[in-house]
Structure formats: structure tokens, C-alpha cells
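1. what's the 3D shape of this:
(one chain, ligands or ions: 1)
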Amino acid sequence: MDHVFIEGLEIEALIGIYDWERRIRQTLVFDLEMGFDNRVPAASDDIADTLNYKAVSKRLVEYVSQSDFGLVETLAERCADIVIGEFKVDWLRLKLSKPGAVRGARAVGVVIERGRAG
Ligand SMILES: Nc1nc2c(c(=O)[nH]1)N=C([C@H](O)[C@@H](O)CO)CN2
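-> Numbering: from 1, shown residues only. Okay, the predicted model is just below:
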């Protein structure tokens, strides 16, 4: 299966379960791999036939920067719902990293894989 990917998309958000986290914004990093048949845009050379990674990135920035969740799991799930629900993506792998959240670790977070139901 072909993929379109977005790597290292940094978005600031209100996220976390601790009181101090409710008072600041933290940088989150998103990596996405999205299943898409790239033979169609390759044949037409038309952006309209692509899974437009700029459009997906813009939508995630819009959503995540307004979001307010405790857990990275919740935010990752909502983002997967948006990408699958609003773009022609049947399958995705989404990694959501929270850099610096745990002393000694470069980043922590979740990786989820989701497909369109049915
Ligand atoms: N599996 C998770 N573990 C933890 C989360 C989380 O969202 N998912 N969050 C926290 C805190 O908010 C942490 O990031 C603050 O350093 C702890 N564990």
C-alpha cells in the first residue's frame, strides 16, 4: 500500500493531567502515515487527485491548537477520526509525541493504527 506521510509536525496545545499542565501550552509532535493510492495523482500530475499533506496538516493544526485534553490517547484518537472522516484515507498510523514530558526521555507518547470502519 502507498503512503502519504507527515513527519515532525509541531503543534502547541493545552494537554496533560497535572495542575501545572493546565496552566501552560506544550509542544506536541505528530508523525502520520496515511494509506493512499498514489498512482492516480502520479498519472494526472494534479494536486486535486492527491491526499494533500498540506491540507491535512492545516486541519490538524487548527484542531489540536484549540484542543484541551488530559491524555495523549484521547487527542490521538480524535485526530485519527478527523483524518479518516474528512480525507480519503482508509488507514493511518499516527504517532503523537510529548517531548520532555518525562525526565530522561527524549519523548513519550502513543502510536495508534486505525482504519475506516466497514
Ligand atoms: N499513557 C499516558 N501516560 C501519561 C499521560 C498520558 O497522556 N498518557 N500523561 C501524563 C502527564 O500528563 C505527563 O505527560 C506529564 O509529565 C503522565 N502519563
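2. and the spatially most central residue of the chain, what does it touch?
-> By Cα atoms, centre = their mean, the mean C-alpha position of the chain lies nearest to F30, the distance being 4.9 Å. F30 sits next to 6, 8-11, 60, 64, 79, 94-97 when contact means Cβ atoms under 8 Å, 6 or more residues apart in numbering. C-beta here means a position set from N, CA and C on the backbone, and glycine is covered the same way.
3. helices and strands around the helix or strand encompassing R114, which ones?
-> Mapping R114 onto the secondary structure by DSSP states H and E places it in strand 107-115. Applying 3 or more Cβ pairs under 8 Å, 6 or more residues apart in numbering; DSSP states H and E, one finds that strand 107-115 makes contact with helix 72-86, strand 91-99.
4. That one pairs with which strands?
-> In the sheet containing strand 107-115, the strands it pairs with under DSSP bridges are strand 91-99 (antiparallel).
5. How about the partner strand and the ligand, any contact?
-> Yes. Strand 91-99 lies in contact with the ligand when judged by Cβ under 6 Å from any ligand atom; the contacting residues are K98.
6. Not counting its own residues, what contacts that strand?
-> With contact meaning Cβ under 8 Å, 6+ apart, strand 91-99 is reached by 1, 15, 26-35, 72, 75-76, 79-80, 83-84, 106-116.
7. And stretch 33-46, by the same measure?
-> Stretch 33-46 is touched from outside by 1-6, 47, 49-51, 56, 83, 87-93, with contacts defined as Cβ under 8 Å, 6+ apart.
8. Buried residues of it, list them for me.
-> 33-36, 41 (16 or more other Cβ atoms under 10 Å).
9. Quick one: end-to-end length of that stretch, please.
-> Using Cα to Cα, to the nearest Å, the end-to-end distance of stretch 33-46 comes out at 21 Å.
10. what is the rounded mean pLDDT of it?
-> The average pLDDT for stretch 33-46 rounds to 98.
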